[in-house]
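*Asks:* Here is a sequence together with a model predicted from it:
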Amino acid sequence: MDDELKHKILVVDDDEKIRELMQKFLSIYNYQVHSARDGKEMHQQLLQNTDFDLICLDVMLPGDDGFKLLRQLRKSSNIPVIMLTAAGEDTDTITGFDLGADDYLKKPFNPHELLVRIKAILRRGKNYDELDCGPCKLVFLNWVLNKTTRQLISPDGVEVAMTDGEYRLLEAFAERPNQILSRDDLLEITQNRQAGPFDRSIDVRISRLRQKIEPDIKHPAVIKTVRGGGYIFATKVEKQS
């Protein structure tokens, strides 16, 4: 047991057995676990507890499904979300990432795999909070990515909203300009894992980033695709304090 882990997690799933299993298992590792069986209870929990560190959100829920709840959540919060999806439903994972999910796990899952995913996400957040990053601004084409505040500022001086996953991906690119990065490279850098044979999460996030920073989305000039190789951040990046 890691005594330092005292993070608060909200599990949203209509299956009582799964909620109980996750609560008992994660409690062993000193996590504070709350649960909700649908969107209504999820909103009640979020109103009562404003300091959740992560949400495990099932896709198939009575009433509003997980996608709708995630869409609502992202209007006001960047709290990390792990989507729980049905096995074999790859479209669910793509949709989840497109809406701003940070990771996904297919049912049925091994509780230890869930624990690894949770630790990885929370560790990244902690590292960002504690990091003395030296030059903490990455400037490209008059865009500014502030690593201290984790904000993206447009050339017009407007903050552009990003999910945690989008921020980490853009930072990975901006720290490695003009380097070819494969999907495996990007997943290893941003999520400490390898891509599966049908994993399109990186492609989805790159599509979202392009919509935010590319002058012409139909002809990307900043994040370019390298046929058979991956992607390249094809611009000069200046590091500033």
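*Replies:* Received it, and whenever you're ready, just let me know what you need.
*Asks:* For this protein, name the helix or strand with the lowest mean pLDDT.
*Replies:* Of the helices and strands making up the chain, the lowest-confidence element is helix 90-99, at a mean of 73, by mean pLDDT, DSSP states H and E.
*Asks:* who does the helix or strand just after it pair up with?
*Replies:* On the C-terminal side of helix 90-99, the closest following helix or strand by DSSP states H and E is strand 103-107. Strand 103-107 has the following strand partners under DSSP bridges: strand 81-86 (parallel).
*Asks:* what angle sits between the partner strand and helix 90-99?
*Replies:* Strand 81-86 runs at 160 degrees relative to helix 90-99, counting by axes from the mean of the first three to the mean of the last three CA atoms, to 10 degrees.
*Asks:* And for strand 81-86, what's in contact with it?
*Replies:* 13, 54-60, 66, 70, 73, 92-93, 96, 100-107, 109, 114, 117-118, 121 (CB atoms under 8 Å, 6 or more residues apart in numbering). The way it works is simple: take the backbone N, C-alpha and C, and place the C-beta from them, glycine included.
*Asks:* what helices or strands is the longest helix seen in the chain leaning on?
*Replies:* Ranked by number of residues, the top helix in the chain under DSSP state H is helix 111-130. Identification of packing neighbours for helix 111-130 by 3 or more CB pairs under 8 Å, 6 or more residues apart in numbering; DSSP states H and E yields helix 16-28, strand 54-58, strand 81-86, strand 103-107, helix 164-174.
*Asks:* could those go into a markdown table alongside distance to Lys6, mean pLDDT and mean neighbour count?
*Replies:* Shown next, in a markdown table, are those (distance: least, CB to CB, whole Å; pLDDT from 0 to 100; neighbours: other CB atoms under 10 Å):
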| stretch | distance to Lys6 | mean pLDDT | mean neighbour count |
| --- | --- | --- | --- |
| helix 16-28 | 11 | 94 | 15 |
| strand 54-58 | 13 | 96 | 25 |
| strand 81-86 | 19 | 89 | 22 |
| strand 103-107 | 21 | 87 | 19 |
| helix 164-174 | 20 | 89 | 22 |
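*Asks:* Noted, bye for now.
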